[in-house]
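**Student:** When you get a sec, could you give me coordinates for this:
(chains A and B)
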Amino acid sequence: MHTLFRISKVTILIQTFMKILVCISSVPDTTSKISFEENDTKFNKTGIQYIIGPYDDYALARAVELKETHAATVTVLNVGLADSEPQIRKALAIGADDAVRIDAEPTDSFFVANEIANYAKDKSFDLILMGRETTDYNSGVVHGMVGEMLGMPSFSPVMELNIDGTAVKLSKEIEGGKEKLETSLPCVMGCQEPIAEWKIPNMRGIMGARTKPLQVIAPSTGSLTAIEKYELPPAKGACKMISAEDAGSLIALLQTEAKVL
Amino acid sequence: MSVLIYTELADGQYKKSSIEAINYGSKVAAQLGISSIVLAIGAASEADLAKAGNFGSTKVLHAADANLVAENIMAYSKVLIETAKSQNASVVVSAKSALADAVMARAAGALQAGLVGNVVELPDTTSGFKVKRSIFSGKAFAFTNITSDVKFLAIKKNVLALEEGTASAPVEKISVDTANLTESSKVTETIKATGTLSLPEADLVVSGGRGMKGPEHWQPLLDLAEALGAATACSKPVSDLDWRPHHEHVGQTGVKVSPNLYIACGISGAIQHLAGVNSSKVIVVINKDPEAPFFKAADYGIVGDVFDVLPKLTAAVKAM
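**Tutor:** Take a look at the predicted model:
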């Protein structure tokens, strides 16, 4: 926690600011049709609408809420090329104070985590939030790697988060239910619904976002994996229709034809 | 050198997904000509742990210190890191789960290891170390070469047929000092559905959408699930409306499943829902709207009222 002393004639006010880092990905909209080019070695970006990663959007929304109830600053970080700047500006319009873009294609979980950790290590963030996974590569491991690299505890998937001083109360999903936990700052979290409702930027936020600082930094490390080729799944065969009157016959088909029962 | 397989236990037994990881990891070990070692954390009997040998492992390391009984990301990852070092692991394998993802992530971070998730085939090790993985929530695949010395793979459920033998693996107790790690976070309450099948682990899933018309109308779906021995799931609107608990929500922002059979009842099949189920082997769709987009992604379809169709299916299963 950073402590700020404001000294006036009669009072000494000590205000404690919580520093929050929210890491966002820029990913194709969920409804995008996925295709590849250059002999299936490159993702085809033509006609693709990019959005803030849906899970990252929950993390951002919770961070902005925490800013409303606590004295906090929110920095948003993206590992991405210049084409992710509209998503970074949107995060600023939603309520982040400043932004950092690590200028590199986010090709590998370890690389992204390493870049985040390298940026964050000397900036004493109290809380590092991001989505539980990105919706493009779905590995869901960057938060844990960042936690390990910075020596902070990490939690995922976090569904509720409340902070009182340095005490943190959270709940995370476990198989078949959820678990409530208590920990303390600093820590790293991978978030999912219902931690907060997605926020839509208002006009004032959009105008303000234009002048908020966005720093671009060169990457300092390299990837440990490389994608060599992409492939689309085989086309789905036709759906076999069964009449509602004869619904029971489906079970026999599942046994003898599909062989799944 | 070894392949180390991080496993998870439920009630003292390997979870089904962990058995799949043992089977997969042992095949990778055979391919590379190195040993297949299992790491199990938590309470279990030696006889149950030795079953890893049935699926090709030659040794089980069992960490069962008292503070490891409750799942803890920081402590479990420390055990995995120390074990990977002591066993000189060149490949670390796990099945994907919320806990395993978190534990594998920290360990890969510590060991400077390239990690690839949602792996769907055995690696190609003829030149380099190439794995095929599912990306874009099942909408595509990527062939990825891992270049780091230590390689981490998280495998998707249901990707490889199990080969079961009769060998048994010796079990060795290990102890890693994790006392200070379990203190940094403490579980205050666990809310867990009892007596229901685990959704991510299930081979058969019956799922309901808004077409089920309300939580009070769920019984016919539960009856079919019970007759089949299937886990129950739901669409996002259903969990948003609190008709069913959040951990049943399947889709882009919920659980992603890949069972042998997924039966969708009264779910229209929005693209966000399909992202959570498109790796299922067989999909059955029951919907009164013949134009429901889900039929395009289905193998079998029934146009009809779910409340008329479900009891017929349950009766047919019972007559099996």
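**Student:** Low-confidence ranges, the stretch 1-150 of chain A, go.
**Tutor:** Applying pLDDT under 70 to the stretch 1-150 of chain A flags residues A:1-15.
**Student:** please redo it, this time with the cut-off set to 80
**Tutor:** Low-confidence regions of the stretch 1-150 of chain A, defined here as pLDDT under 80, cover residues A:1-16.
**Student:** As a check, name the ranges of all helices in it.
**Tutor:** With DSSP state H, counting those that start in this stretch applied, the stretch 1-150 of chain A shows helices at A:54-69, A:85-94, A:109-120, A:142-150, listed in chain order.
**Student:** who wins for proximity to chain B among those?
**Tutor:** Comparison of these against chain B by C-beta to the nearest C-beta identifies helix A:142-150 as nearest, at 2.6 Å. Yep, even glycine has a C-beta here, placed from its N, CA and C like the rest.
**Student:** ok, now which ones touch the closest residue to chain A within the stretch 201-320 of chain B?
**Tutor:** Distance from chain A to each residue of the stretch 201-320 of chain B (C-beta to the nearest C-beta) is smallest for B:Gly304, at 2.8 Å. The neighbourhood of B:Gly304, defined by C-beta atoms under 8 Å, 6 or more residues apart in numbering or on different chains, consists of A:243-244, A:247, B:286, B:288.
**Student:** Go through the helix or strand bottoming out on mean pLDDT in chain B and flag the buried ones.
**Tutor:** The least trusted helix or strand in chain B, going by mean pLDDT, DSSP states H and E, turns out to be helix B:179-183, with a mean of 80. With burial defined by 16 or more other C-beta atoms under 10 Å in any protein chain shown, the residues of helix B:179-183 counted as buried are B:181-182.
**Student:** Show the contacting residues for the residue lying closest to B:Asn88 once chain neighbours are set aside.
**Tutor:** Counting by C-beta to C-beta, 6 or more residues apart in numbering or on different chains, B:Met1 is the residue found nearest to B:Asn88 once chain neighbours are left out, at 5.5 Å. With contacts defined as C-beta under 8 Å, 6+ apart, the neighbours of B:Met1 are B:32, B:34-35, B:88-90.
**Student:** Just the ones of those residues in strands?
**Tutor:** When the contacts of B:Met1 are checked against strands (DSSP state E), the matches are B:35, B:89-90.
**Student:** Please render those as CSV that adds pLDDT and distance to B:His249 to the earlier fields.
**Tutor:** Formatted as CSV, these follow (pLDDT from 0 to 100; distance: C-beta to C-beta, whole Å):
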residue, pLDDT, distance to B:His249
B:Ser35, 97, 40
B:Ala89, 97, 35
B:Ser90, 97, 38
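**Student:** What strand or helix carries residue 199?
**Tutor:** Using chain A here. Using DSSP states H and E, A:Lys199 maps to neither a helix nor a strand.
**Student:** show me the contacts for it.
**Tutor:** Residues in contact with A:Lys199 (C-beta under 8 Å, 6+ apart) are A:57, A:60-61, A:64, A:94-95.
**Student:** So which of these would count as near chain B as well?
**Tutor:** Within the set of the contacts of A:Lys199, contact with chain B (C-beta under 8 Å from any C-beta of the partner chain) is found for no member.
**Student:** For those, work out which two are farthest apart.
**Tutor:** Of all pairs drawn from the contacts of A:Lys199, the one with the largest separation by C-beta to C-beta is A:Asp57 and A:Gly95; the distance is 12.1 Å.
**Student:** picking up where we left off before, between the ones in strands among the contacts of B:Met1, which sits nearest A:Glu197?
**Tutor:** B:Ala89 (42.8 Å).
**Student:** roughly how far apart are the closest one and chain A?
**Tutor:** Taking C-beta to the nearest C-beta, to the nearest Å as the criterion, B:Ala89 is separated from chain A by 16 Å.
**Student:** And for that residue, the neighbour number?
**Tutor:** The number of residues packed around B:Ala89, counting by other C-beta atoms under 10 Å in any protein chain shown, is 26.
**Student:** Quick check: beta-bridge partners of the closest residue to it other than its chain neighbours?
**Tutor:** With sequence-adjacent residues excluded and distances taken as C-beta to C-beta, 6+ apart, B:Ala89 is closest to B:Leu4, at 3.9 Å. Here B:Leu4 shows beta-bridge partners B:Ile37, B:Val92, assigned using DSSP bridges.
**Student:** Do I have it right that B:Leu4 meets B:Ala84?
**Tutor:** Yes - at 5.4 Å, B:Leu4 counts as touching B:Ala84 under the criterion of C-beta atoms under 8 Å.
**Student:** okay, and the common contacts of the two?
**Tutor:** Taking C-beta under 8 Å, 6+ apart as the criterion, B:Leu4 and B:Ala84 both touch B:Val92.
**Student:** is chain A contacted by stretch B:127-147?
**Tutor:** Yes - contact between stretch B:127-147 and chain A is present through B:130, B:132, B:134-147 (criterion: C-beta under 8 Å from any C-beta).
**Student:** Counting neighbours, which of the residues you listed comes out on top?
**Tutor:** Neighbour counts for the residues of stretch B:127-147 next to chain A, by other C-beta under 10 Å, peak at B:Ser137, which reaches 26 neighbours.
**Student:** Please give me every residue in contact with the residue lying closest to B:Ala179 once chain neighbours are set aside.
**Tutor:** Spatially, and ignoring its direct neighbours in sequence, B:Ala179 is nearest to B:Asn67 (6.1 Å; C-beta to C-beta, 6+ apart). With contacts taken as C-beta under 8 Å, 6+ apart, B:Asn67 has the following neighbours: B:75, B:178-179, B:182.
**Student:** redo that, cut-off 10 Å
**Tutor:** Each residue near B:Asn67 by C-beta atoms under 10 Å, 6 or more residues apart in numbering or on different chains is listed here: B:75, B:177-183.
**Student:** That one belongs to a helix?
**Tutor:** Yes - the assignment for B:Asn67 (DSSP: H, G, I helix; E, B strand; the rest coil) places it in a helix.
**Student:** Perfect, that will be all.
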